[in-house]
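Chemist: got a sequence here, can you model it:
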Amino acid sequence: MNNLFFQTDGSLILALSIGFLSLSAILILFILSSRFRPALIQYEGIVAPFFSLPAVLFSLTAALLASSVWDNYSVAIKAIKNESQGIMEIISLSNSVPLFQQTNLTALAKSYTQSIMNDEWQTLATSRSPSRTTEAKFIDLRAEVFKAANIQSDKAESKALLNALFSVNNARETRLAYALIDLHPVRWYALLFLGFLVLIAIAFTHLSKPKALILAMLISTLTILTPLCMIALTFSSPYQGVISLSKTPYLPILKSLNQ
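Modeler: Okay, here's the model as predicted:
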């Protein structure tokens, strides 16, 4: 997003809408003008299927770009679910294993979960960076897990507790790593250029029919803007914008502790 000189998804969508609607209007005025129309009408014989190539390439490029973006979202969603499951497992072991019942694992796990939802989710949505408060609470939880596991390190319960911690740690690192989607702007520029070629193609297939030209350009512009705006809504970060990740996977942890 920063490489495209836009700070928010809304500003990018607004720029795309204004740009393509303006381009469509300019092409219509250019073709219908009495000055250039005689020179352009000689290209009327070019068949429409020849111009379907830009539309096919635009669709393919948009699908590949959207797939890359949603793959990042899928990884982040999986990390959130794995982290919440790992926390639940730590709490479950703390409550069910007599060896761990005298520790502070449950309280620290609850504190860490609350900090994720109240502190870190805000920093990820604004500055795309982890919260120092949440990081400190995770360190406390990790230290308590090591302390509890070292009481009897050869026990299966201790190994299960450590595995749960490793699951939380790996999921947390993945979740933070995907706070900023790494999407090269050249791929976005290529998609915009193909969208421009689609409008050119539509314009040249309706040279002799002004009303059909206007309607075709309007429909084509709206069609192009639809996938572009959907991609733009997910272009910056999984934790920002209208289409952002939900923190609801952490809610069952707090509900189970309050019961």
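Chemist: so what's the residue count around Gln101?
Modeler: 13 (other C-beta atoms under 10 Å). All C-beta spots, glycine's among them, are computed from the backbone N, C-alpha and C.
Chemist: same question for Met217.
Modeler: Neighbours around Met217, by other C-beta under 10 Å: 21.
Chemist: wait, it sits on Leu29?
Modeler: No - with contact defined as C-beta atoms under 8 Å, Met217 and Leu29 do not form a contacting pair (10.7 Å).
Chemist: past the helix or strand where Ser220 lies, which element shows up next along the chain?
Modeler: Secondary structure assignment for Ser220, by DSSP states H and E: helix 210-232. Helices and strands here follow DSSP H and E; after helix 210-232, the next one along the chain is helix 251-258.
Chemist: and that following helix, what does it pack onto?
Modeler: Secondary-structure packing of helix 251-258 (3 or more C-beta pairs under 8 Å, 6 or more residues apart in numbering; DSSP states H and E): helix 52-96, helix 105-115.
Chemist: got a markdown table for the ones you listed, with mean pLDDT too?
Modeler: Shown next, in a markdown table, are the helices and strands packed on helix 251-258 (pLDDT from 0 to 100):
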| stretch | mean pLDDT |
| --- | --- |
| helix 52-96 | 90 |
| helix 105-115 | 93 |
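Chemist: now these as JSON lines including distance to Leu228 and mean neighbour count?
Modeler: Listed next are the helices and strands packed on helix 251-258 as JSON lines, based on distance: least, C-beta to C-beta, whole Å; neighbours: other C-beta atoms under 10 Å:
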{"stretch": "helix 52-96", "distance to Leu228": "7", "mean neighbour count": "17"}
{"stretch": "helix 105-115", "distance to Leu228": "37", "mean neighbour count": "20"}
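Chemist: want to throw those helices into a markdown table with distance to Leu245?
Modeler: Formatted as a markdown table, the helices and strands packed on helix 251-258 follow (distance: least, C-beta to C-beta, whole Å):
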| stretch | distance to Leu245 |
| --- | --- |
| helix 52-96 | 6 |
| helix 105-115 | 16 |
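Chemist: out of the ones you listed, flag the one nearest Ala164.
Modeler: Ala164 sits nearest to helix 52-96 of all those, at 4.1 Å, using C-beta to C-beta.
Chemist: so which elements touch that closest one?
Modeler: The contact analysis (3+ C-beta pairs under 8 Å, 6+ apart) places helix 52-96 against helix 105-115, helix 132-149, helix 156-177, helix 185-204, helix 210-232, helix 251-258.
Chemist: re the thing from before, closest one to Lys209 among the helices and strands packed on helix 251-258?
Modeler: By C-beta to C-beta (comparing all of the helices and strands packed on helix 251-258), the closest turns out to be helix 52-96, at 18.5 Å.
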